[in-house]
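S.K.: missing the sequence, but the structure's below:
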């Protein structure tokens, strides 16, 4: 039993958990034909069958029930304000399944030359709002109200000690829906994690309909004819947003150290961190000269890398690997798309640079609060 | 001899009923059922007729509707909470305790808090569904953008409400959140570029004039922060979100109702 708990604790270390999800993700939500071939070969398409729904739900529930026997697991998951995120884990799987199973069904129908499930024959297939829709609405409202009442009677809202500005809790956490952003603080300075990246998320979401000029798959569930866009969205939504929230909520304890779900939150846990900036790598470790006094000279390598990443890489890709996409999207759409994607990818890139080389900043200009 | 009518039918054809529900009578014919929707200010948000998949939970998940319903629950429970709650450092915390211990049927705060969490989740899932059905595609692009604004406003409403109990959970969560504002490029005192906005030795962006200061009404979380967040939470953000909701719903109809295969 303890062996299993220890195994889960080890497997949920961000290095292992994130690497595992990154590796497996594109085989589950294939963005291209090549991935789709392996998706089918590895039998991941079976994930969206009824049998898988029951099996995975049973595993999730089983793991959860087993976990509740452990006091550390219980204290994290049943902390009143964490209950919604616990529920969200189940809801996410359930609704992903609902969407994907219908998408696969429609894909199969289209392949057989049949109309999709949602296809209707206007005006013959239309139904009246009264009573067909208002009944559904009424029942939803009643069930939702009942659910809210039961939840509210069963679980008191949290109230801790009166506010005390001189006594900070450890860890001090934002509300759960912002914990993905707080998790990014490990890898980025606040101006990136708290301001620039959230703004780009909002901007990127709003830009989706203008970037995705594929007219297929509008108004019905489908996967095959919008592979790339669904794959990218799922990566952002399931991994970069929700997985980071789960990590930030359940796996981060005192001093924002990592703790497994069955691990005691020991505030004296020490993790030696000697993070090094790129400039220190170059001048101190490799050239053994000491840091130059001029800021520009010191940080020129990092600045060149970042400029190259955002300015040279996009046209390079447009000429080579993403040529087809560039032609499909046109210059304006392509530029916005690629900059948003590259900005999103800075997160995984910085994660791995940190884990592998203890790299802190690529550009470090603390003099002007500009660290990247 | 006159035909015998059921009590319901007599009621539905009586003067009171017909005066309230235009047309009156129990809607039985197709025409009457259409008129019910057209004649009600609340129902006429809907079209009269829908594609058949629009009433299937499997397609819609009902998440948009539930988000709006939860917003109504939150508005009502929020109004009730305002009767008891005073946004001052002196009273806020004790008023919250009074809510649970002194007020009869004191689960309003629970309904409000859990409803807020639930609304965040339903809004997310609604966006997820709209993406998966490709419903953001033309002609619905702009309404998707409005939806993203509504998502942001939902999170901000939840965030501003988080401070109001004025307990340890509240102020430290908001401290973590509002410290980010300090790092806003150019506008935050510790943000990149802020030091450039200066004439000689005089900085324009300081701890006492940056965007964090504007947000929390001071250099530290305090009385002014509580009042600011209270006003934003109860008046400011609901006002804005209602405008965006109105546009969102109106655009659903104008853009052709629920998305359908072309």
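M.R.: In hand now; what should we look at? Everything numeric in this text was worked out from a predicted model, so none of it was measured. Numbers count the residues shown, from 1 in each chain, chains lettered A, B, ... in the order given.

S.K.: what's the helix or strand for the residue nearest the centre of chain B?
M.R.: Note on chain B: the residue nearest the mean C-alpha position is residue B:71, at 4.5 Å, using Cα atoms, centre = their mean. Assigned by DSSP states H and E, residue B:71 belongs to helix B:63-84.

S.K.: how far is that helix from where the chain is centred?
M.R.: Relative to its chain's centre, helix B:63-84 lies at 8 Å (Cα atoms, centre = their mean, to the nearest Å).

S.K.: and what of stretch A:72-92?
M.R.: Distance, centroid of stretch A:72-92 to centroid of chain: 17 Å (Cα atoms, centre = their mean).

S.K.: isn't residue A:318 right next to residue A:326, touching?
M.R.: Yes - counting by Cβ atoms under 8 Å, residue A:326 is a contact partner of residue A:318 at 4.0 Å. In short, each C-beta sits where N, CA and C put it, glycine included.

S.K.: Can you list phi and psi of the residue of the stretch 51-200 of chain B found nearest chain A for me?
M.R.: Among residues of the stretch 51-200 of chain B, the one nearest chain A by Cβ to the nearest Cβ turns out to be residue B:180. It sits 2.8 Å away. The phi and psi values for residue B:180, taken as degrees, to the nearest 10, are phi -60, psi -40.

S.K.: What is the neighbour count of it?
M.R.: Neighbours of residue B:180 under the rule other Cβ atoms under 10 Å in any protein chain shown: 24.

S.K.: in terms of contact, does it touch residue A:189 like I think?
M.R.: No - using Cβ under 8 Å, residue B:180 is not in contact with residue A:189, being 10.2 Å away.

S.K.: quick one: low-confidence ranges for the stretch 1-150 of chain B?
M.R.: For the stretch 1-150 of chain B, the stretches with pLDDT under 70 are B:1-3.

S.K.: Residues of the stretch 1-150 of chain A that sit close to chain B?
M.R.: A:81, A:83-84, A:87-88, A:91, A:95, A:98-99, A:102-103, A:115-120, A:122-123, A:125-134, A:136-137, A:140-141, A:144-145, A:148-149 (Cβ under 8 Å from any Cβ of the partner chain).

S.K.: mind running it again at 6 Å?
M.R.: A:84, A:88, A:95, A:99, A:116, A:118-120, A:125-130, A:132-133, A:136, A:140-141, A:144, A:148 (Cβ under 6 Å from any Cβ of the partner chain).

S.K.: Find me whatever residue is spatially closest to residue A:16, sequence neighbours aside.
M.R.: residue A:10 (7.0 Å; Cβ to Cβ, 6 or more residues apart in numbering or on different chains).

S.K.: who's in contact with the helix or strand containing the one you found?
M.R.: Using DSSP H and E, residue A:10 sits within helix A:2-11. With Cβ atoms under 6 Å, 6 or more residues apart in numbering or on different chains as the test, helix A:2-11 has contacts from A:260, A:262-263.

S.K.: how close does the residue nearest to residue B:208 when sequence neighbours are not counted get to residue B:116?
M.R.: Once flanking residues are discounted, residue B:208 sits nearest to residue B:219: 6.2 Å by Cβ to Cβ, 6+ apart. To residue B:116, residue B:219 is 29 Å away according to Cβ to Cβ, to the nearest Å.

S.K.: More neighbours: which of these two?
M.R.: The residue with more neighbours, out of residue B:219 and residue B:116, is residue B:116; 23 against 13, by other Cβ under 10 Å.

S.K.: Give me the phi and psi for that one.
M.R.: phi -70, psi -50.

S.K.: Apart from its neighbours in sequence, what residue is nearest it?
M.R.: Per Cβ to Cβ, 6+ apart, closest to residue B:116 is residue B:158, 5.0 Å.

S.K.: Surely that neighbour touches residue B:115?
M.R.: No - contact criterion Cβ atoms under 6 Å: residue B:158 and residue B:115 do not qualify, at 10.2 Å.

S.K.: tell me which residues of stretch A:49-59 are tucked away?
M.R.: residue A:53 (16 or more other Cβ atoms under 10 Å in any protein chain shown).

S.K.: and that stretch, average pLDDT?
M.R.: Mean pLDDT, computed over stretch A:49-59, is 95.

S.K.: Contacts for it, please.
M.R.: Contacts for stretch A:49-59 (Cβ under 6 Å, 6+ apart): A:46, A:97.

S.K.: likewise stretch B:111-119?
M.R.: Residues contacting stretch B:111-119 (Cβ under 6 Å, 6+ apart): A:84, A:148, A:151-152, A:157, B:67, B:70, B:73-74, B:77-78, B:81, B:158.

S.K.: And for stretch B:139-156?
M.R.: A:202, A:205-206, A:209, B:123, B:136, B:237, B:241, B:244, B:247-248, B:251, B:255.

S.K.: Out of these, which is nearest to residue B:86?
M.R.: Distance to residue B:86, by Cβ to Cβ, is smallest for residue B:237 among those, at 19.8 Å.

S.K.: show me what contacts that closest one?
M.R.: B:153, B:156-157.

S.K.: Name the nearest residue to it, ignoring sequence neighbours.
M.R.: residue B:157 (4.9 Å).

S.K.: Give me the neighbour count for the one you found.
M.R.: Residue B:157, neighbours per other Cβ under 10 Å, totals 24.

S.K.: before we move on, what SS does it have?
M.R.: Secondary structure assignment for residue B:157 (DSSP: H, G, I helix; E, B strand; the rest coil): helix.

S.K.: leaving aside the residues next to it on the chain, what's closest to residue A:13?
M.R.: In space, residue A:13 is closest to residue A:258, 6.2 Å off (Cβ to Cβ, 6+ apart).

S.K.: Show residues contacting stretch A:358-369.
M.R.: Residues from elsewhere that reach stretch A:358-369 (Cβ under 6 Å, 6+ apart): A:275-278, A:295, A:299, A:302-303, A:305, A:353, A:371-372, B:190-192, B:195.

S.K.: Compare those residues and tell me which is most surrounded.
M.R.: Busiest of the contacts of stretch A:358-369 [other Cβ under 10 Å] is residue B:191, holding 28 neighbours.

S.K.: can you give me the strands in the stretch 1-150 of chain B?
M.R.: Along the stretch 1-150 of chain B, the segments classed as strands by DSSP state E, counting those that start in this stretch run B:49-51.

S.K.: residue boundaries of the helices in it?
M.R.: B:7-13, B:15-20, B:30-38, B:57-60, B:63-84, B:92-101, B:108-132, B:141-163 (DSSP state H, counting those that start in this stretch).

S.K.: Using CSV, lay out those helices together with distance to residue A:14.
M.R.: Output for the helices of the stretch 1-150 of chain B, formatted as CSV (distance: least, Cβ to Cβ, whole Å):
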stretch, distance to residue A:14
helix B:7-13, 63
helix B:15-20, 60
helix B:30-38, 52
helix B:57-60, 36
helix B:63-84, 30
helix B:92-101, 36
helix B:108-132, 23
helix B:141-163, 24
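
S.K.: quick one: which of the ones you listed is nearest residue A:310?
M.R.: Using Cβ to Cβ, the helices of the stretch 1-150 of chain B put helix B:141-163 closest to residue A:310, at 23.7 Å.

S.K.: What is the helix or strand just after that closest one packed up against?
M.R.: Proceeding N to C from helix B:141-163, the next assigned helix or strand is helix B:168-179, under DSSP H and E. Using 3 or more Cβ pairs under 6 Å, 6 or more residues apart in numbering or on different chains; DSSP states H and E, the elements in contact with helix B:168-179 are helix B:141-163, helix B:211-216.

S.K.: and helix B:168-179, what's its mean pLDDT?
M.R.: Helix B:168-179 shows a mean pLDDT of 91.

S.K.: neighbouring contacts of that helix?
M.R.: A:160-161, A:163, A:169, A:172, A:174-175, B:162-163, B:212, B:215-216, B:221.

S.K.: if we go to 8 Å?
M.R.: The contact list for helix B:168-179 (Cβ atoms under 8 Å, 6 or more residues apart in numbering or on different chains) reads A:81, A:158-165, A:167-169, A:172-175, A:178, A:182, A:190, A:194, B:159, B:162-164, B:212, B:215-216, B:221, B:225, B:229.
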